[in-house]
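# from the sequence below, what's the structure:
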Amino acid sequence: ISHLQGHLGLTFHRILTDRNIRIVIDAEDVRVGAGVRHPVAPIDPFAYPDTLSGWPKDLKVRADGSDLLMRCHIWPRRSSTPEYRLPGGAETRQGLYFYRRNRLLHAGGWEGIHAPDTKLQLARVAIDIDGDTSGLFVMNPEKSRVSVGPRFARAVATARADDGTTINDYLQAAEAAWITANRRTTARRKPVLPPGKGLHPKVSREIRNELPLLPEEPLNIQWRRFTTDAFLEFDRANRTLWLNRSYRQAILGGRRGSGNDAPVLKALLFLLAGNVFEGAHLGARGKVNIEVWQEVLTAAAKAERSTFEARP
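Numbering: from 1, shown residues only. Alright, predicted model coming up:
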């Protein structure tokens, strides 16, 4: 339901905002005749809270007598709002947004204009189309999807705004905005070790986006079999925080594990204990912290295992 809400809210955001139309997902249990209604809220990928000076700009493309207008937006900074993060993630959703009669047909991707780049995730371009344009793009028979043609990227390379701004100028401005915003955000945050093995790729990417990284070897968080009932083992020599595999099934609720499992637990441990792996020597405070974490988390892991084993 959550996935469907996101898809419909993004696809029909203009219609939901501009017209007196509502979309509701009605999930009903037919055995008892009761259900829950889930309203769909519009998710506008261009609804940033404040504007970046000079943007958005309209770049005009002319090809074989056809005019195409590209409204180039730059988000002023990253945001935690659904409008920025979007279904699929902000990094995936950078690029071009094609609309036909206020329905979003295509959300994200540069379609040959540029390769995907973390530094371009503030850049989004709105393009309104009405039908097929020879060589530029083609819609499917249902008019619900659009594909660009072989001449599209070459035509966009000739696009110009009234002040002479080109598509390359726009991409460079978006990258500069990302670098500036990221520098301001991370400058106030304490650097951490790079995330290593055992952390889910999405967690690793978020850590790299949100925190400055120390120029050191990455911190790994992995499972292995212990000879004791301790939950943690701090292997500073190999820059690895080991977790006792005997608790793994209970912590995962019986689910099958993988190398990147338990993302919440591992993310919390990375943020909590990562600093004890920094530097050449472990100080007295670090040793005290390790002792406390070991006692408390081992007790918690034992309680988790007892609860799991007691399940019918």
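
# which residues touch stretch 201-221?
If you take Cβ atoms under 8 Å, 6 or more residues apart in numbering as the criterion, stretch 201-221 is touched by 78, 91, 118, 182, 185-187, 189-199, 238-241, 243, 260, 263, 266-267, 269-270, 274, 277-278. Every residue, glycine included, has its C-beta placed from N, CA and C.

# the residue lying closest to Asp26 once chain neighbours are set aside and Leu219: what is the separation?
The shortest distance from Asp26 to any non-neighbouring residue, by Cβ to Cβ, 6 or more residues apart in numbering, is to Arg37 (5.3 Å). Distance, Arg37 to Leu219, using Cβ to Cβ, to the nearest Å: 45 Å.

# compute the first-to-last residue distance for stretch 154-166.
End-to-end span of stretch 154-166 (Cα to Cα, to the nearest Å): 13 Å.

# could you do stretch 106-113 as well?
In stretch 106-113, first residue to last residue: 15 Å (Cα to Cα).

# mind telling me which residue is nearest the centre of this protein?
Closest residue to the average C-alpha location of the chain: Gly89 at 3.4 Å, with Cα atoms, centre = their mean.

# Arg37 and Leu219: which is more packed in?
More neighbours surround Leu219 than the other of Arg37 and Leu219, with 26 against 9 (other Cβ atoms under 10 Å).

# now the more buried one: how far from Gly279?
From Leu219 to Gly279 the distance is 13 Å (Cβ to Cβ).

# can you map out the helices along the stretch 51-200 of the chain?
82-85, 152-156, 167-187 (DSSP state H, counting those that start in this stretch).

# about what we covered before: name the SS class of the residue nearest to Asp26, please.
In three-state terms, and counting by DSSP: H, G, I helix; E, B strand; the rest coil, Arg37 is strand.

# Pro87 and Arg93: what is the separation?
Using Cβ to Cβ, Pro87 is found at 8 Å from Arg93.

# that older thread, tell me which of the helices of the stretch 51-200 of the chain sits nearest to Glu304.
helix 82-85 (30.9 Å; Cβ to Cβ).

# how far off centre is that closest one?
The chain centre lies 9 Å from the centre of helix 82-85; the measure is Cα atoms, centre = their mean, to the nearest Å.
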